[in-house]
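In: Predicted model and sequence follow; I will ask about them next.
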Amino acid sequence: MLNSKINRRNLLASAAAGGVATFMGPWAHNRVLAQGAAKPIMIGTTTDASGQYANSGADERRGILMAIEEANARGGILGRKLVSTHIDTETTPATGSRVAERMIQQEKCGFLLGGVHSGVANAISQVAQKYGVIYFNTNSSSPTEAGQNCHRVKFVWDGNGTNFAKAAIKNSINAFGGTFVLLTNDYVWGHDTARTTKKQIAEFGGKVLEEILIPQGTRDFTAALIKIQQLKPSIVAAAIGGDDQKALRQQVAQLGMGNKPVWLNNQQDWPDVYGLPADNLFGVFGTTWYHELTLPSVKEFVEKYKKMYPNEVIKVPGNVFYNGYMAARELFAAIERAGTTNNIAVIKALEGHVMKAGDRMQHYDAMIDAKTHQVQQTIYLATANPRPKDKDDLFALLAQAEPKDVIDLDAPAACKLESYEATPTFDA
Amino acid sequence: MQSILPHLINGLTLGLLFALIALGFTLIVGVMEVINLAHGSLFALGAYFALTTISGGPLAATEFGQWWLTFPLGTRYVVAAIVGPLLAGLVGAFLEICLRPTYGKASLYGLLLTFGAALVLEESIRLVWGAGEQNLRTPGPITGAVLIGGMIFSTYKVYAAAFAIFAILCVWLFLEKTPYGAIIKAGAHDSEMVRALGYDLGRLRLFVFGFGAALAGLAGVVMAPIWGLRPHIGLDVVIPAFLIIVIGGVGSFWGAVIASLLVGLSVGLTGAFVPAWSMVSMYILLILIVGFRARGLLGRKSALEN
Amino acid sequence: MNLSDIPPKGGSPFTLPMAAFLMLLLLAPFLVARFGLYHYLAIEIAIWIIFAMGFNLLFGYTGLHSFGHGAYLGIGAYAFGLFQHNVSTSLWGGLGAALLAAMVAGGFVALFLSHRRGIYFALLSIAFGQIFWFSSIKLHRVTGGEDGLLGIPRPPLQIGNVAVTLADNRIFYWFVAALAALVVIGLWRVVNSPFGRVLQAIRQNEMRARFVGYDVWRWKWLAFTISATFAGLAGALLAMAQNSAYPDVMSLHQSGLVVMMVLVGGGLVNFWGPILGVLLYFLAREVLGSLTETWLLWYGLMFVVMVMVRPEGLAGLIGTAARREAPAPPARIVETTP
């Protein structure tokens, strides 16, 4: 938070002092900041502050800022301070494109971090690739991000729909039975996720009774729920995202259909579920991290969050914050390993890098896939906690899957990274 | 093989809820010939005010707040269902005052002003209540499911649909059977004459707009437990309300109600048989009907056509 | 409101404001560099000027209040991208495809809309806009769905045997600016031609225009189609600028934005209004947007106040100030609702 405040205050001060005569004031702040001994490293947080993912965007931004503050407290990276700027990407791809242009061209950002909506992440990464600026997609869980839409400069930090489906399907067939109804949001992410799910169901001997397509923007699910009640599947595998999912959640809870049949949902992002009553958290869902994991240094991490963000509505860190924080921290570590901010050197330092389980506060070591640039990590399956120890203790973790068991095997074939030579050289 | 009956019932229920959503919009369009694009934001505002009323909001820590929170959820819910719409109505009344300079000009200006107001209200909600999803809790007795003919229905939705019928009838009775209604309707047809008869047209408009806004807020309170609540929910509301008005015909109360039922049926039935097309079905319905009947089902001539 | 304070006239389009506009286009890259802004901004502003000016032919001049115009911008962008991906990498081919697609889509929708006036026109335009928007997400195998149609190249500008690469934003700007200049000069000719006068006559009184003998339906159809075609051109340029086409530009929200820009700028009373509106919007976004996260709140408030006190917009404001100097021209027809 600190960095952005300094930044904003500078903006305000120069704007106020400038007046008409020096109208260029507000835009010239970078150069003012850049006059220090060592040029700071500019970090652009391309997170959503409005639109559908405003809440998640704010959360991942908090994570990124905490990592930046930690790095600055240690004296910066390569002796250079980190300075962050933020521009709202509005959960709108076209805005993401423009923001990326501005971040790179005007704010002189060397690295861009943040993204929840896959369309926005794509838009940013296209611009970033054009300039050779490294971009971290922190929280978009669309399989296409590390598949057909991968880029040499883009790294994907969240588990995706495929990972979650792979973690969930086999276990569920064994535990609950093999007849499925698929509820699929009728757009790219929904279809991609459903495809993996169907493949997994077939592989482990399950049967799909019907796939119900749900158009984006649906607010009433009664027709689909009536059908589910008529078809009586043992499991409903839902790939419903965004606001549609929130409406679905309400209606399933109302009908008391949350337990029977069993619902397999995709990832539930912490900012989306925080503060909701337990019966809204129906079914089994995935996550990459939970603040009640009994692993070393999790407690300290949670305390740190509470100390830094005492007045936030969200009282404990969740997966979205975690992804933002981890991505930023690993970026700084990679710059230090490379010993330079040259983009190609940093990319090479990231590719194939193994992150120890202990450092990441997960059960298994994670690895940045050199072929797809996706972080292959532990996937947790969770459900609503029937015996919460406090009001933040929403999840009960059921199982954790090793990265190698949930890896998206189709991704390397779909992903064609640009060559190093075709990626413009860029030094922050 | 699935039967069509539960989907018919579902479609009608949905239609009634759509009618409730569009009620305030219909009233303001019909009487004042203003397209209130802030309708959705007022809808959200009503629900957010109700939410704060139930939880005690900033007063929760005070003595009054503690006393208030000792009441059972049911009581607080009923009070919230009155307070929320009332406050939304007040905001609506204020909006009407802002609208005054646009009277007598092209109808476009009212529409644009309310479009701007919708932006402002939505951003304000985000500032005050945050961008996250909120949950409006319903009391125990009206949650859960009922089985009708072996088919599962949400208890709450059944109550909500019944309430929608009640609200529609109340508004209709108010317009048809009370002197206020008569004046309002007269005001819609011939404002000069109403003024000449000595009625204060300014106050009348203030009241109608406030009433329409309160109805929007009321719909918000009723719908929030079904749709969830977030700052940008307004767009989910304005678009169906719009469609309903056009299909039903501007200025016709029953046209709007019939249009709501048609929209509900089309969404419900397509949702059952060709679910991928359930959202577009509304628009196709609109084009089909307005393609053949220029003024919708029961529309009359309106200044808005100019 | 009316546009009649600028009497329709023929003659040369090279008036003082036109000179100022062309000068602005010419100087924009230097201004942008001077203020430390990014080049891409100038490109986006020039594209939106094309969109807004074309839109105002329909909105301000013909008085047809379309609220679904973003759809044609999007169609142009998709057509351009699909042409590059599936037919050939060609600038002129892509632009042609975009213009044609937007023209056909606009012409088709106009078949339904041209019978309508006022609110029914506005609402139907929304309905069609929503259908296009919805289709762009639904037909994800063609359009890439919510991720957008990605990787659209910027083909080189081929004139005869000379090929100029447009990959650099600084060079691409000149291409967009040249088109913007052509569009604005072209539109100036159009609105000051007999055709433009017919459109204004329709706006002022459709009935009268019909009685005078004009086939109003056909003129309205034509105005809509032309306006959609301009949107298609802007869309193709946007696809080049962003190397992608996204469904969001087709949403109701975005379609509303162009209405806001045109109105704030004063498109209802002045030919130059849309340009002022676009400039004001983009500069407000850059300046307010870097000061506060809730800049839309302030922009929305400004808009509301503007509609209340200065509905003729920025151009009207400037016009009033200018008229205080000079003697006021006699008032022309002012429309009121009955």
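Out: Arrived safely.
In: make it CA atoms for all contacts and neighbour counts henceforth
Out: Will do.
In: Okay, and residue A:380 sits in which element?
Out: Residue A:380 belongs to strand A:379-384 when assigned by DSSP states H and E.
In: Tell me which other helices or strands that strand touches.
Out: With contacts defined as 3 or more Cα pairs under 8 Å, 6 or more residues apart in numbering or on different chains; DSSP states H and E, the secondary structure elements packing on strand A:379-384 are helix A:161-176, strand A:284-287, strand A:395-401.
In: hmm, try it at 10 Å
Out: Strand A:379-384 makes packing contacts with helix A:161-176, strand A:262-267, strand A:284-287, strand A:395-401, helix A:403-406 when contacts are defined by 3 or more Cα pairs under 10 Å, 6 or more residues apart in numbering or on different chains; DSSP states H and E.
In: Quick check: which of the ones you listed is nearest to chain B?
Out: The minimum distance between chain B and those falls on strand A:262-267, with 16.4 Å, by Cα to the nearest Cα.
In: got the angle between the strand holding residue A:380 and strand A:395-401?
Out: Here the directions of strand A:379-384 and strand A:395-401 differ by 150 degrees (axes from the mean of the first three to the mean of the last three Cα atoms, to 10 degrees).
In: so how far is strand A:379-384 from its chain's centroid?
Out: 17 Å (Cα atoms, centre = their mean, to the nearest Å).
In: How about the stretch 151-300 of chain B: which residue is closest to chain A?
Out: Minimum separation of the stretch 151-300 of chain B from chain A (Cα to the nearest Cα) falls at residue B:227, amounting to 4.6 Å.
In: Next, count neighbours for the spatially closest residue to that residue that is not a sequence neighbour.
Out: In space, residue B:227 comes closest to residue A:247 once its chain neighbours are excluded; the distance is 4.6 Å by Cα to Cα, 6 or more residues apart in numbering or on different chains. Here the count is done by other Cα atoms under 10 Å in any protein chain shown, and residue A:247 has 22 residues near it.
In: Provide a list of residues in contact with residue A:247.
Out: With contacts taken as Cα atoms under 10 Å, 6 or more residues apart in numbering or on different chains, residue A:247 has the following neighbours: A:217, A:218, A:219, A:220, A:221, A:253, B:224, B:225, B:226, B:227, B:228, B:229.
In: and whichever residue of the stretch 51-200 of chain B sits closest to chain A, what does it touch?
Out: Going by Cα to the nearest Cα, chain A is nearest to residue B:145 of the stretch 51-200 of chain B, at 4.6 Å. If you count contacts by Cα under 10 Å, 6+ apart, residue B:145 has them with A:252-257, B:151-158.
In: which parts of the stretch 1-150 of chain B sit against chain A?
Out: Applying Cα under 10 Å from any Cα of the partner chain, we find that the stretch 1-150 of chain B lies next to chain A at B:1-3, B:6-8, B:10-11, B:14, B:123, B:126, B:130-138, B:142-146, B:150.
In: quick check: mean pLDDT across stretch B:42-53?
Out: When the per-residue pLDDT values of stretch B:42-53 are averaged, the result is 95.
In: how about the residues of the stretch 101-250 of chain C that lie near chain B?
Out: Checking the stretch 101-250 of chain C against chain B by Cα under 10 Å from any Cα, the hits are C:112-113, C:115-124, C:126-131, C:134-135, C:138, C:203-206.
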